[in-house]
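build the 3D model from these lines:
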Amino acid sequence: MKKYSNILTKLICLMTLLFSYSSYSKNLNFSKKSDTYIIKISDHAYSSILESIADKEQSILSTQGLGLNLFQNHKKQNSSAVSLNRIYQNIDPQYKKMIKAMGGVNSNFGILTSPTEDNKIKLLKNLQLIIIKSKNFNADYLSTFPDIKLIEKDKYFYLHQKSFNKKQTWAINNKNLSRLFNVYINSNKRSSLKKNNNFFALDAIQARKAWENYNNQGENTKVMIADTGVDASHPDLIDSFEKGRNFLPDSSDDLFTDKVGHGTHIAGTVLGSVYGVAAKSKLFVAKVCVYISCYSSAILQSLDWAIEERVDVINLSLGGFKTSSAADKAYEIVAKNGILIVAASGNSGNIIKNTLSYPASNTNTISVGSVKFENNNFKKSSFSQYSKKLDIVAPGENIISSVPLDNVKKTLNLYVKKTDKEEKIIKIESSLFISPKNKIFKAIKKTNLVLSTDEYLFRKFVLFFVDKNILNKRKFIAKLKSLARNKVAGVFFSGEANYMYQLSDILQNNKFAFTKYEKLFSSEMAQKFKQAILNPKVNISFGIDIKKNIKYHKKTGTSMSAPHVSGVLALSKSAKPSLGLDQARLLLHNSAKFISSSVNGETGKGLVQANNLLDLIR
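Model (predicted):
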C-alpha cells in the first residue's frame, strides 16, 4: 500500500508540474492569434527595397532628429511612410511577386525607415528585418520565395517580477506573522522585527566599494531599459534620462510612460541616484511591454534602436519558454556591435529545473539569477531558474528602488491586540500600486477576521484549507464562488505546497469578487493563526493604509537581479569602452564571489562583484 501511495504522490506532483506548465504555455500562444509577422530577407532583396525608397528615405532621415527627446516633447512624431505600392512600382522586377505576397499592393500599407512609427510595416535597418501587420498576409506562399529567409509570428514574453499581477493581490510574510503571533500565543516572547538595510544589495555586489576605489559611477555609458516604460520625471532618474520611445504595436501615441512600475524600478536599480549601481550612466527607455506582456516585435525594434544609438548595455528583465529565431539572429548582431545584453533567468525555478528562460538561454546574452541572504550566507532564491549555462547571480528579493510618482500605494495592515496589551501593527509583505488613472479599489474597512473550515460564510475574511479536493476543479471553483456570493472580502489559503500551482491557475483564470491572498500558509502557520483567532483575549483585524506620491518600493524576482548586473557592466564599460561580450562574461565569472551552497549551476559562477571586476580590468 505504501508503494502505491508513493506512486500516487509522484503522479500528483507530475500532474502539478504539467498543469502549471500547460497553463503558462497556453498564455504564450498569443502568436497563433497574432497578425503581426517578422520577416528576414536576403541581403540583395533588402538592398533592393532600400533603393526603391531611397529618395523618400532621405526626407525621413532628415527629420529623425526632431522630437526624439520625448520627456520634453510628448507629442506623437509625424514621420512619412512609403506605401508598398510605391515599392512594388520601383523595385527590381524579380521581387515584385514577393512584395505582392506581403500584402503590399494596397495603399493602406506602408514601409518605414524609423521603427518608432505607429504604422503597419516597419523596416529595421540595423537588423535587416521587416515587421508587417496584415490580416491578408500569405505566409505559405511568401515562404516559397528563395529570398525569404525567415517568417515568424509575433510572440509574447513576460516580465520576471515575482507574483506580478495587475489585479489586487497581496502576499503574506509568514515569518513576520509567526513572530507576531508568538507574542500573543506565548505571552513570554516578544516580537523583534528588524528593519532591512536598504543599501544591502549595493554593498553585497561591492558597488559602493567600487565607487570609492575607482571613482567610477558609469560615466560616458548608455544603458537601455527595454521594459514597461520609465517615469523619467522621477527625481532619481531625471538627470540620467536621455531619450525614450514606445515600440508597442497599435500604440496611439509615442509615450514611454510607465503605468505598471516595473520599468521604473529596473531603471532605479541600474542608474538611479539613490539606489542605482551606475548613477552617472545615461538612460535610454524602450517601452516594449504592456502590463506583464512584452511583444517580440517591440523588443526587436528596441534592439535596432540600441544599435542606432550605440548604447553600451541593454537590460531585459523579461522572458518566456518559447525561443525566437528572429531574435536569435538579432541578439547576435547586437553583440557584434559591442552591446552587452543582460537577461533575467526567470521565476519558474520552483517547477522547472535546469532550464533558463528565453532570452537568458541565448548565448549572446548574459544570464542572471537571483539569490537571497539567509543565515549569514547567500542562497539561491527558490523561484530563480537556473542551468549549468547560468552566468551570474545578484540579490533579487525585497529590492528597493524607484517607482512612478503618480502611483498610489495601498498597504494591507494586520492588527493584533491582546487584552491589556498594546495593539501590534504589521504591514503585509507586498503592497499594491495602482495608477490614479485606473480604477481605485475601495479600501477594505477594518473588520474582524473569522476562521472556519466551512466555505459557506457570511463574513469578511476566511482562512481556507486547501486539500486534495482541489483536484476536483469544478467542485473547488464552486466553493470559491460560494464565498464570493456571500460577500467574503478576502481569503487566506493554507495547505501543502503541492497544491499551490493548481490554486494559482484557478485564481488567475476565474474572476472572484473577493481579494485573493495567493501565498499558501504552511500548516504550522495556519495552526498559529488558528490559535490566535480562537483565543478570546486576542482581537485580529485588518485595514488598508493609502499613500500617494510614493518614490520607492520593494520588489522581488530575477527582474530585480538583472539590473544589478547591468549596472556593474555599465561601470565596466566606463572603465573599458571596448569591452565585448566574451571578455565581459569572462570578467564576470572570474571576479564573482563563490557561493558554497550552490549545486548543479544554481547560482552560476557566483555573486557579481563590481570592485573585483574593476580590479581585473585595471
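
for residue 602, what are its contacts?
369, 380, 384, 386, 390 (Cβ atoms under 8 Å, 6 or more residues apart in numbering). Placement of C-beta: from N, CA and C, glycine included.

next, the buried residues of the strand or helix carrying residue 304.
Using DSSP states H and E, residue 304 sits in helix 296-309. Within helix 296-309, the residues scored as buried using 16 or more other Cβ atoms under 10 Å are 296-307, 309.

now it: mean pLDDT?
What helix 296-309 shows for mean pLDDT is 95.

doesn't residue 380 make contact with residue 598?
Yes: in this structure, residue 598 is within contact of residue 380 by Cβ atoms under 8 Å, at 6.7 Å.

neighbour count: the two, which is higher?
Neighbours were tallied for residue 598 and for residue 380 using other Cβ atoms under 10 Å; the higher tally belongs to residue 380 (25 against 21).

assign the nearest residue to that one once chain neighbours are set aside to helix, strand or coil.
Excluding the flanking residues, the one nearest residue 380 by Cβ to Cβ, 6 or more residues apart in numbering is residue 602, at 4.4 Å. Under DSSP: H, G, I helix; E, B strand; the rest coil, the three-state class of residue 602 is coil.

how close does residue 602 sit to residue 397?
Distance from residue 602 to residue 397, counting by Cβ to Cβ, to the nearest Å: 15 Å.

where in the stretch 501-618 of the chain is pLDDT low?
Low-confidence segments of the stretch 501-618 of the chain, defined by pLDDT under 70: 501, 504-505, 507-530, 532-534, 540-546.

before we move on, what SS does the nearest residue to residue 597 once chain neighbours are set aside have?
Of all residues not flanking residue 597 in the chain, residue 379 sits nearest, at 5.1 Å (Cβ to Cβ, 6+ apart). State at residue 379, reduced to three classes by three-state DSSP: strand.

again with residue 239
Going by three-state DSSP, the secondary structure assigned to residue 239 is coil.

can you get me a residue count around it?
12.

give the closest residue to it in space, chain neighbours not counted.
The shortest distance from residue 239 to any non-neighbouring residue, by Cβ to Cβ, 6+ apart, is to residue 273 (6.7 Å).

next, the contact list for the one you found, please.
Applying Cβ under 8 Å, 6+ apart, the residues contacting residue 273 are 235, 236, 237, 239, 240, 279.

tell me which of those is nearest to residue 217?
residue 279 (5.0 Å; Cβ to Cβ).

pretty sure the closest one is touching residue 272, no?
Yes: shown here, residue 279 and residue 272 form a contact pair, counting by Cβ under 8 Å, at 6.6 Å.

so between those two, which is more surrounded?
Using other Cβ under 10 Å as the criterion, residue 279 and residue 272 rank with residue 272 on top: 26 against 23.

just checking, that one touches residue 402?
Yes: Residue 272 is within contact range of residue 402, at 5.2 Å (criterion: Cβ under 8 Å).

are there residues contacting both of those two? Which ones?
Common contacts of residue 272 and residue 402, defined by Cβ under 8 Å, 6+ apart, comprise 234, 236, 237.

can you say which of the residues you listed are buried?
Buried by 16+ other Cβ under 10 Å: 234, 236, 237, out of the shared contacts of residue 272 and residue 402.

out of those residues, which is nearest to residue 96?
residue 237 (48.7 Å).

any idea how far apart the tips of stretch 286-295 sit?
With Cα to Cα, to the nearest Å as the measure, the ends of stretch 286-295 fall 12 Å from one another.

stretch 349-358 too?
So stretch 349-358: terminal residues 14 Å apart, Cα to Cα.

in it, what's buried?
349, 350, 351, 352, 355, 356, 357, 358.

now swap in stretch 143-160 and tell me
145, 147-149, 151-160.

same question, stretch 275-295
Going by 16+ other Cβ under 10 Å, stretch 275-295 has these buried residues: 275-290, 292-295.

same question for stretch 585-604.
Buried, per 16+ other Cβ under 10 Å, within stretch 585-604: 585, 587, 588, 591, 592, 593, 595, 598, 601, 602, 603, 604.

stretch 35-46 too?
36, 37, 38, 39, 40, 41, 45, 46.

how much space separates residue 615 from residue 587?
Counting by Cβ to Cβ, the gap from residue 615 to residue 587 is 10 Å.

sorry, that was for residue 100
51 Å.

got any ranges where the stretch 1-150 of the chain has weak pLDDT?
Across the stretch 1-150 of the chain, the ranges flagged by pLDDT under 70 are 1-33, 55-84, 103-120.

now with 80, please.
Across the stretch 1-150 of the chain, the ranges flagged by pLDDT under 80 are 1-35, 53-88, 100-121, 133-137.

the strands in the stretch 501-618 of the chain, which residues?
515-521, 538-548, 552-555 (DSSP state E, counting those that start in this stretch).

which neighbouring elements make contact with the shortest one?
I take that to be strand 552-555. helix 262-271, strand 399-402 (3 or more Cβ pairs under 8 Å, 6 or more residues apart in numbering; DSSP states H and E).

list the neighbouring strands of that strand plus their orientation.
Partner strands for strand 552-555, per DSSP bridges, with pairing direction: strand 399-402 (antiparallel).

and residue 152, what element?
strand 148-153.

ok, residues contacting that strand?
31-32, 34, 36-42, 98, 139, 142-143, 296, 324-326, 329.

for it, list the C-alpha coordinates in CSV.
Output of strand 148-153 as CSV, limited to C-alpha atoms (Å, rounded to 0.1, in the frame of the first residue of the first chain):
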residue,chain,number,x,y,z
ILE,A,148,12.7,34.9,-47.7
LYS,A,149,15.0,33.5,-45.0
LEU,A,150,12.6,33.5,-42.1
ILE,A,151,8.9,34.2,-41.3
GLU,A,152,7.9,34.3,-37.7
LYS,A,153,4.7,35.4,-36.0
